[in-house]
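# I need the structure of the sequence given here:
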Amino acid sequence: MRVASILGFWLGRVLLSALPVIAAYPAAAESVLTYHGHGNRSGNFTVPELTWEHARALRLDPGFAPRFEGHLYAQPLYWRSSGAAGGVLIVASESNIVTAIDAASGNTVWTRSLGRPAPLSAFGCGNIDPLGITGTPVIDQNGGVLYLDAMVADAGGPRHRIFALSLKDGALLPGWPIDIADALRTKNESFDSRVQNQRGALTILNGTLYVPYGGFYGDCGDYHGWVVGVPLADPQRIMAWRTRGRGGGIWAPGGIASDGVSLYVATGNTVGARDWADGEAIFRIAPDLHHSERNPDFFAASDWRALDTRDADLGGTNPLPLDLPGGPPVVLALGKDEKAYLLDRSNLGGFGGSLVTERVSTYPIRTAPAAYRAADAMLVALQGHGAPCPHGQGGDLTVLRIAASPRPAIASAWCGAVSGAGSPIVTTTDGTANPIVWMLGAEGDNRLHGFRGDTGERLFASPPLVGLRHFQTLIAADDRLFVGADGRLYAFTLP
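Okay, here's the model as predicted:
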């Protein structure tokens with residue numbers, strides 16, 4: 001079935017400022033603790049002053065030009081301690097350098113080196129050199145602690161290590177880092193850092209840190225998709241789940257999503273699997289990393305063998321939990337096969353058991369989606385060329401309308417003229433009003449673009465930015481937008 005365009009009358013009433021704030025996407029807290037702002041990866045930020053009209057006057061702040069060492073793939077984070085007048089931005093680079101930057105002045109607060117990153121020559125394949133911190137870290141607000149995974153060049157070869165740093169001064173906490181291979185060996189599990197990469201964002205749920213792992217660009221070696229759990233109160237009591245077959249990596253930038261009860265991950269292509277071995281799938285995993293084999297707890301594409309062959313896997317984006325107005329809780333999955341899969345969150349459906357499957361893009365979907373609420377549906381922004389886009393629109397930004405009534409349906413809302421591979425976010429002024437979709441044309445036109453969330457009207461386009469890496473996203477904090485790039489941060493502010 002082809003994706004239908006939204007009828008013109010609907011566009012005029014998509015977002016009503018009188019609607020209540022959605023419980024699933026609360027107003028942004030003072031701190032940005034995790035990838036896309038929330039555990040559900042909604043990418044939904046509240047900026048009270050950033051109206052549609054004000055967005056047209058947004059400008060790059062020439063006086064804000066902090067510098068740090070290394071290439072940047074991870075999303076910056078923002079932390080404001082209790083009672084503090086201002087906050088700090090946290091960046092973690094491929095040079096294994098973590099830097100805290102005063103969000104107002106741009107001055108460096110502290111810097112911490114976590115060891116030498118691994119050269120690309122240490123691996124059988126890949127496309128990042130050197131390789132240090134790639135996955136977006138996560139902050140424990142209560143403890144004031146930053147958690148991250150770093151690939152460290154050790155005398156015996158590259159090692160994945162999980163670090164815990166005090167946000168006050170960057171000091172390493174006692175009992176850390178955790179060497180993943182050594183810790184899993186005590187559980188009779190074999191983990192080889194030479195074939196396992198860590199690209200997906202980390203998350204914390206109920207006092208446990210969760211870290212996803214996949215493989216390298218090129219699918220070399222006997223890698224698997226892993227989720228490793230580390231109880232923060234007892235980091236030596238590590239636990240893990242992995243895919244059965246070779247491959248099935250968990251590599252999407254958004255990593256692990258959560259609805260506050262369970263964890264959701266998307267696995268990529270398996271390599272050489274004759275029988276299904278956990279690839280091309282969406283899994284619901286319990287906090288103790290137990291996974292049942294029942295159909296309600298996983299979804300797998302019915303054509304998984306063909307997807308494996310074409311490397312057209314479901315692993316390019318994280319699952320996105322959604323609460324549809326007037327409908328059941330769902331999960332949206334987006335694939336490199338150009339399709340969107342809408343799943344019942346209470347019953348993911350097993351093999352081919354989606355509520356709706358639609359082709360929504362004309363090329364593979366990667367990066368991470370963002371979600372915001374309309375009057376009677378959820379809108380989801382993604383990096384992909386819509387199939388089809390409404391007349392006169394087109395580019396690397398597509399917004400879908402996902403509705404529950406009269407039956408679950410996915411349709412095209414609008415498309416934005418962006419060239420590049422950034423991950424979109426959404427800002428609103430109160431949780432629903434003045435929605436603006438923002439996206440970086442990373443490794444394309446390299447501009448920051450802003451569009452009205454209801455109609456797709458262009459509101460803003462920045463000058464080209466230097467140093468953007470593909471899949472990069474941005475954050476909103478302190479009434480500003482912050483963009484991370486190689487060796488520096490950009491700030492966009494209102495006049």
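# end to end, how far does stretch 366-383 reach?
Stretch 366-383 stretches 7 Å from its first residue to its last (Cα to Cα, to the nearest Å).
# and if you look at stretch 407-423?
29 Å.
# taking the mean pLDDT, what do you get for that stretch?
In this model, stretch 407-423 has a mean pLDDT of 95.
# Go ahead and confirm Gly126 touches Val195.
No. Counting by Cβ atoms under 8 Å, Gly126 sits too far from Val195 to count as a contact (10.1 Å). Backbone N, C-alpha and C define where each C-beta goes, glycine included.
# joint contacts of these two?
Taking Cβ atoms under 8 Å, 6 or more residues apart in numbering as the criterion, Gly126 and Val195 both touch Phe216, Cys220.
# Let's verify Gly326: helix, strand, or coil?
What DSSP: H, G, I helix; E, B strand; the rest coil gives for Gly326 is coil.
# confidence score at it?
Looking at Gly326, the pLDDT reads 91.
# Quick one: residues contacting it.
Counting by Cβ under 8 Å, 6+ apart, Gly326 makes contact with Asp376, Ala404, Ser405.
# Could you pull up the contacting residues of the first one?
So that's Asp376. Pro325, Gly326, Ala403, Ser405.
# Can you say which of these are buried?
By neighbour count, with 16 or more other Cβ atoms under 10 Å, the contacts of Asp376 hold Ala403 as buried.
# Closest to Phe471 out of the contacts of Asp376?
Ala403 (28.6 Å; Cβ to Cβ).
# What sits closest to that closest one if chain neighbours are left out?
With Cβ to Cβ, 6 or more residues apart in numbering as the criterion, Ala403 has its nearest non-adjacent residue at 4.0 Å, and that residue is Ala377.
# could the contacts of Asp376 be laid out in TSV, adding distance to Glu443?
Output for those, formatted as TSV (distance: Cβ to Cβ, whole Å):
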residue	distance to Glu443
Pro325	36
Gly326	40
Ala403	33
Ser405	39
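# how many neighbours does Met378 have?
The number of residues packed near Met378 is 25, by other Cβ atoms under 10 Å.
# Mind listing what's buried along stretch 487-495?
Buried-residue list, stretch 487-495, by 16+ other Cβ under 10 Å: Gly487, Arg488, Leu489, Tyr490, Ala491, Phe492, Thr493.
# And the contacts of that stretch?
With contacts defined as Cβ under 8 Å, 6+ apart, stretch 487-495 is touched by 49-50, 54, 57-61, 64-72, 76, 89, 91, 93, 101, 106, 448, 462, 465-467, 479-484.
# Buried members of these into ChimeraX, please.
In ChimeraX, this line selects whichever of these come out buried by 16+ other Cβ under 10 Å:
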select :50,54,58,64,66,68,70,71,72,76,89,91,93,101,106,448,462,465,467,480,481,482,483,484
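# Now Cys125: which helix or strand?
Under the criterion DSSP states H and E, no helix or strand holds Cys125.
# how about it, what does it touch?
Phe216, Tyr217, Gly218, Asp219, Cys220.
# let's see it at 6 Å
Applying Cβ atoms under 6 Å, 6 or more residues apart in numbering to Cys125 gives the contacts Phe216, Gly218, Cys220.
# how about the helices of the stretch 251-400 of the chain, start to end?
For the stretch 251-400 of the chain, the helices defined by DSSP state H, counting those that start in this stretch cover 304-310.
# remind me which residues of it are low pLDDT?
In the predicted model of the stretch 251-400 of the chain, residues 391-392 satisfy pLDDT under 70.
# Residues contacting stretch 41-48, please?
For stretch 41-48, the surrounding residues in contact (Cβ under 6 Å, 6+ apart) are 25, 27-28, 36-37, 254, 257, 318, 370-372, 425-429, 431, 476, 479.
# Can you redo the contacts of Cys125 as a markdown table, where the extra columns are secondary structure and neighbour count?
As requested, the contacts of Cys125 are arranged in a markdown table below (DSSP: H, G, I helix; E, B strand; the rest coil; neighbours: other Cβ atoms under 10 Å):
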| residue | secondary structure | neighbour count |
| --- | --- | --- |
| Phe216 | coil | 23 |
| Gly218 | coil | 11 |
| Cys220 | coil | 15 |
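# Can you tell me which of these comes closest to Arg345?
After measuring the contacts of Cys125 against Arg345 - Cβ to Cβ - the closest member comes out as Phe216, at 31.6 Å.
# What pLDDT does the model give the closest one?
97.
# you'd agree Cys379 is up against Tyr372?
No, residue 379 isn't Cys; it's Leu. Yes. Using Cβ atoms under 6 Å, Leu379 makes contact with Tyr372 at a distance of 5.4 Å.
# With neighbour numbers in mind, choose between these two.
More neighbours surround Tyr372 than the other of Leu379 and Tyr372, with 27 against 23 (other Cβ under 10 Å).
# Contact partners for that one?
Contacts of Tyr372 (Cβ under 6 Å, 6+ apart): Asn44, Leu379, Val426, Pro435.
# now do 10 Å
14-15, 22, 25, 42-44, 378-381, 399, 425-428, 431-432, 435-437, 453-454 (Cβ atoms under 10 Å, 6 or more residues apart in numbering).
# what do you get for Leu400?
Contacts of Leu400 by Cβ under 10 Å, 6+ apart are 3, 6, 332, 334, 340, 342, 358, 360-361, 369, 371, 377-382, 384, 386, 410-414.
# do you know how far the residue nearest to Asp278 when sequence neighbours are not counted is from Pro130?
Distances taken as Cβ to Cβ, 6+ apart put Thr243 closest to Asp278, at 3.8 Å, once the chain neighbours are dropped. As judged by Cβ to Cβ, to the nearest Å, Thr243 and Pro130 stand 27 Å apart.
# go on, Gly170?
Distance from Gly170 to Pro130, by Cβ to Cβ: 21 Å.
# do Pro231 as well
According to Cβ to Cβ, Pro231 and Pro130 sit 31 Å apart.
# since we're on Glu293, how many residues are nearby?
Counted by other Cβ under 10 Å, the residues lying close to Glu293 total 7.
# swap in Gly327?
The tally of other residues near Gly327 (other Cβ under 10 Å) stands at 19.
# quick one on the thing from earlier: of all the contacts of Cys125, which comes closest to Leu289?
Nearest to Leu289 among those: Phe216, at 23.6 Å, using Cβ to Cβ.
# check contacts around that closest one.
Residues in contact with Phe216 (Cβ under 10 Å, 6+ apart) are 120, 123-128, 131, 194-197, 199, 223, 249, 251.
# let's go with 7 Å and repeat that
Contact analysis of Phe216 by Cβ atoms under 7 Å, 6 or more residues apart in numbering lists Phe123, Cys125, Gly126, Asn197.
# Before I go, just wanted to say thanks for your time.
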